[in-house]
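Participant: Pasted the sequence and its predicted model underneath.
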Amino acid sequence: QRGGFGFLGGPGETQIEADRRIIQERMSKIERDLEQVKRTRSLHRASRKRVPYPIVALVGYTNAGKSTLFNRLTSAEVLAQDMLFATLDPTARAIKLPHGARIMLSDTVGFISDLPTQLVAAFRATLEDAIEADVLLHVRDVSHEDTQAQAADVQAILRDLGINPDDGQRVVEVWNKADLLDGEERARQLEVAAHRPEESRPVLVSALTGEGMDRLTAAVEARIARSRPVYALTLEAGDGRSLAWLHANGEILGREDGAEGALALTVRLPLEREGAFGARFPEARRLS
Ligand SMILES: Nc1nc2c(ncn2[C@@H]2O[C@H](COP(=O)(O)OP(=O)(O)OP(=O)(O)O)[C@@H](O)[C@H]2O)c(=O)[nH]1
Ligand SMILES: [Mg+2]
């Protein structure tokens with residue numbers, strides 16, 4: 001009993017009623033929060049679309065270490081906690097990779113098995129970034145005893161979202177928490193990884209210690225280079241319209257002033273702009 005004094009009784013609700021009310025209130029609040037997340041997400045996505053950087057999304061089972069990895073790669077203060085669903089409102093941040101490529105790195109909410117059906121739609125809404133991503137980093141806790149089952153669950157959800165988890169060009173498996181493996185287990189994991197074909201080889205890392213970050217960024221850079229061609233071209237002096245078109249449709253990686261006011265540019269394009277670019281700048285030279 002609450003609100004009364006033992007045998008004196010008095011008005012009050014039983015503990016179970018109070019718990020029920022508190023849980024009901026929390027559920028309503030979480031549902032409202034999810035609505036808000038959906039709304040702000042679509043706004044963010046709209047503004048991000050104007051940034052022509054490739055999107056790299058961190059996906060994976062809850063507690064796999066996505067936010068820790070996000071922090072390590074961005075040095076941002078995103079909530080990393082040993083609790084479920086620490087990331088309900090995902091975060092994105094633009095970062096520059098070691099060789100100069102800019103990407104938009106996006107942290108997403110963790111997947112979990114047997115999600116109640118009422119929640120599936122709401123969770124999916126927070127994963128829309130993943131659907132639009134150029135590259136997905138599937139972060140796995142390889143020190144977890146259920147790591148295989150967790151990976152299978154994540155892959156099933158990716159398929160549901162229309163993403164082929166076996167497409168090595170798009171999905172990179174990040175085998176996290178390497179620091180928790182003993183020598184023997186680590187050697188075994190490295191062996192398994194080494195036997196996968198290069199274009200879909202997992203990267204063993206520790207988001208906590210920073211081990212393997214160089215290999216991870218190299219894997220991302222390789223995929224972006226393949227999915228976003230880079231061209232060199234020269235604009236004549238005063239060709240502001242072409243320059244504006246390039247700014248709107250691609251990313252200008254470098255510019256140098258040439259003779260007579262000409263402008264030598266290197267630009268990176270999303271694949272779907274390559275055709276329009278080729279028609280407009282037939283003399284451009286593909287670099288990579
Ligand atoms: N030992 C070790 N612990 C790690 C590593 N990466 C993350 N962790 C820990 O694992 C726990 C979960 O990490 P998070 O980064 O919050 O996991 P998450 O994938 O973002 O989880 P959700 O947001 O719930 O999906 C935290 O206690 C981290 O400190 C790692 O490489 N090694
Ligand atoms: Mg997280």
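Facilitator: Great, that's in hand. Ligands and ions are numbered 1, 2, ... in the order given.
Participant: for this protein, what spans make up the helices?
Facilitator: For the chain, applying DSSP state H gives helices covering 15-49, 66-74, 117-126, 128-132, 147-160, 183-194, 213-227, 240-249, 274-280.
Participant: Return the most buried member of these.
Facilitator: Relative to the other members of the helices of the chain, helix 66-74 carries the highest mean neighbour count by mean count of other CB atoms under 10 Å, namely a mean of 23. Backbone N, C-alpha and C define where each C-beta goes, glycine included.
Participant: Do you know the pLDDT at whatever residue of the chain ends up closest to ligand 1?
Facilitator: Of the residues in the chain, the one nearest ligand 1 is residue 110, at a distance of 2.1 Å by CB to the nearest ligand atom. Confidence at residue 110, expressed as pLDDT, is 84.
Participant: Confirm for me that it is in contact with residue 66.
Facilitator: Yes: counting by CB atoms under 8 Å, residue 110 does reach residue 66; the two are 6.7 Å apart.
Participant: Give me the neighbour count for the closest residue to residue 112 other than its chain neighbours.
Facilitator: With CB to CB, 6 or more residues apart in numbering as the measure, residue 62 is the residue that lies nearest to residue 112, at 5.1 Å, once sequence neighbours are left out. Here the neighbour count serves as a burial measure; for residue 62 (other CB atoms under 10 Å) it reads 17.
Participant: Quick check: residue 62 vs residue 146, distance?
Facilitator: Using CB to CB, to the nearest Å, we find residue 62 at a distance of 12 Å from residue 146.
Participant: Pull the number of nearby residues for the residue of the stretch 151-288 of the chain found nearest ligand 2.
Facilitator: For the stretch 151-288 of the chain, the nearest residue to ligand 2 under the criterion CB to the ion is residue 207, separated by 10.8 Å. For residue 207, the tally of surrounding residues (other CB under 10 Å) stands at 27.
Participant: That one contacts residue 68, doesn't it?
Facilitator: Yes: taking CB under 8 Å as the definition, residue 207 is a contact partner of residue 68 at 4.0 Å.
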